[in-house]
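K.L.:
Give me a 3D structure for the following:
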Amino acid sequence: MRIQEGGSFIAINQHSRRSTLPKHEARQRYVEIGELVVLEQIKSDSDRLDSRSMVVGPFARLDANRVAAQEGKTRGAITNLFGSQANFQAETMTRALSAGDLIDQIDYPEPGDFRDADAWIDAFFAAESARGPMHGSEPTISYAYLWALWLSVVPYGLWSEQISRPSMDEFVRWLERLEQVLEHALDHFDLTLREDTTINDLAYAVAGMIEGVWLNQCLSSRHPSDPSEPIATVLRRSGRLLWRGATRPRGT
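P.N.:
Prediction:
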């Protein structure tokens with residue numbers, strides 16, 4: 001018997017139902033099916049996230065015994081506080097997905113401390129690189145590592161409002177803060193935005209660039225294209241291009 005798979009025909013033994021694909025092609029076929037099944041499982045779990053309390057990704061492996069031991073206590077201490085390990089896992093995941101209060105604590109460079117806009121924007125993006133995750137560094141309780149934890153459940157946000165809603169709320173809160181910081185810098189250096197560009201446009205571009213480079217920072221501490229340079233160079237140089245392209249001297 002022959003069945004059609006992806007536009008081509010595959011011969012199937014009617015008695016054993018075994019594919020006659022070469023081994024390496026059969027392995028590839030099963031891997032592709034496996035990838036689809038993983039996505040379907042994420043979608044299924046995402047639907048359940050919105051219908052009842054549950055945890056996903058690394059939070060589902062969070063061991064209350066190990067956490068309590070850090071304080072010299074037993075799992076019972078956590079059970080007494082949260083009711084169950086599952087509740088503790090869920091609250092930990094919720095905290096990682098909603099760290100908006102940390103946005104207000106970001107200490108941005110003050111424009112008045114710099115000789116010109118280029119020096120300020122260089123310091124701004126260098127600080128944003130330092131604020132993000134860094135490949136190989138030890139875990140700490142900081143925004144950088146909460147952001148990395150958020151990454152671990154981002155795929156569920158494709159289908160789950162419980163994941164996407166707090167994530168987007170936090171992002172919008174950050175955009176609003178960036179708008180304030182960027183407007184202050186524009187005023188200080190007597191600059192304005194180019195025609196058809198708004199402060200929200202610039203904030204979105206800045207935020208997208210920062211988080212895009214943070215993805216690389218999870219994987220490398222060096223510039224991906226120039227290992228002689230630190231990863232911060234990516235943000236500093238790209239940020240300078242973005243700033244110069246979006247702004248112009250006031251009155252010109």
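K.L.:
quick one: low-confidence ranges for the chain?
P.N.:
Across the chain, the ranges flagged by pLDDT under 70 are 1-19.
K.L.:
Now do the strands in it.
P.N.:
Taking DSSP state E, the strands of the chain run over residues 2-5, 8-11, 191-193, 222-223, 226-230, 247-249.
K.L.:
Adjacent strands (with direction) for the fifth one?
P.N.:
Neighbouring strands of strand 226-230 in its sheet, by DSSP bridges, are strand 222-223 (antiparallel).
K.L.:
Can you give the contact residues for the strand it pairs with?
P.N.:
Ser228, Glu229, Pro230, Ile231, Thr233, Val234 (CB atoms under 8 Å, 6 or more residues apart in numbering). In short, each C-beta sits where N, CA and C put it, glycine included.
K.L.:
Neighbour count and distance to Asp201 for these - can I get that in TSV?
P.N.:
TSV is the format used below for the contacts of strand 222-223 (neighbours: other CB atoms under 10 Å; distance: CB to CB, whole Å):
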residue	neighbour count	distance to Asp201
Ser228	7	34
Glu229	14	29
Pro230	17	29
Ile231	20	26
Thr233	18	25
Val234	23	21
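K.L.:
quick one: contacts for Ile199?
P.N.:
Glu179, Leu182, Glu183, Leu186, Leu193.
K.L.:
Likewise for Ile33?
P.N.:
Applying CB under 8 Å, 6+ apart, no residues qualify as near Ile33.
K.L.:
same deal with Val234?
P.N.:
Val234 touches Ser129, Val213, Asn216, His223, Pro224, counting by CB under 8 Å, 6+ apart.
K.L.:
Now for the last one, how many residues are close by?
P.N.:
When you say that, I think you mean Pro224. 12 (other CB atoms under 10 Å).
K.L.:
And for the fourth one?
P.N.:
Neighbourhood size, His223 [other CB under 10 Å]: 16.
K.L.:
any idea how far it is from Gly239?
P.N.:
14 Å (CB to CB, to the nearest Å).
K.L.:
so Gln85 sits right up against Arg75, yeah?
P.N.:
Yes - with contact defined as CB atoms under 8 Å, Gln85 counts as touching Arg75 (7.1 Å).
K.L.:
shared neighbours, those two?
P.N.:
The contact lists of Gln85 and Arg75 share Ala64, where a contact means CB under 8 Å, 6+ apart.
K.L.:
Relative to the whole chain's centre, how far out is stretch 172-188?
P.N.:
Relative to the centre of its chain, stretch 172-188 is centred 21 Å away, using CA atoms, centre = their mean, to the nearest Å.
K.L.:
Only C-alpha atoms, please: export it in PDB.
P.N.:
The C-alpha trace of stretch 172-188 is given here as PDB (Å, rounded to 0.1, in the frame of the first residue of the first chain):
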ATOM      1  CA  VAL A 172       3.400  48.400  28.500                       C
ATOM      2  CA  ARG A 173       4.500  49.700  31.900                       C
ATOM      3  CA  TRP A 174       8.100  49.500  30.800                       C
ATOM      4  CA  LEU A 175       7.200  51.400  27.500                       C
ATOM      5  CA  GLU A 176       5.600  54.200  29.500                       C
ATOM      6  CA  ARG A 177       8.800  54.500  31.600                       C
ATOM      7  CA  LEU A 178      11.000  54.500  28.500                       C
ATOM      8  CA  GLU A 179       8.900  57.200  27.000                       C
ATOM      9  CA  GLN A 180       9.500  59.400  30.000                       C
ATOM     10  CA  VAL A 181      13.200  58.700  30.000                       C
ATOM     11  CA  LEU A 182      13.600  59.400  26.300                       C
ATOM     12  CA  GLU A 183      11.500  62.500  26.300                       C
ATOM     13  CA  HIS A 184      13.700  63.900  29.100                       C
ATOM     14  CA  ALA A 185      16.800  63.200  27.100                       C
ATOM     15  CA  LEU A 186      15.400  64.900  24.000                       C
ATOM     16  CA  ASP A 187      14.600  68.000  26.000                       C
ATOM     17  CA  HIS A 188      17.900  68.100  27.700                       C
END
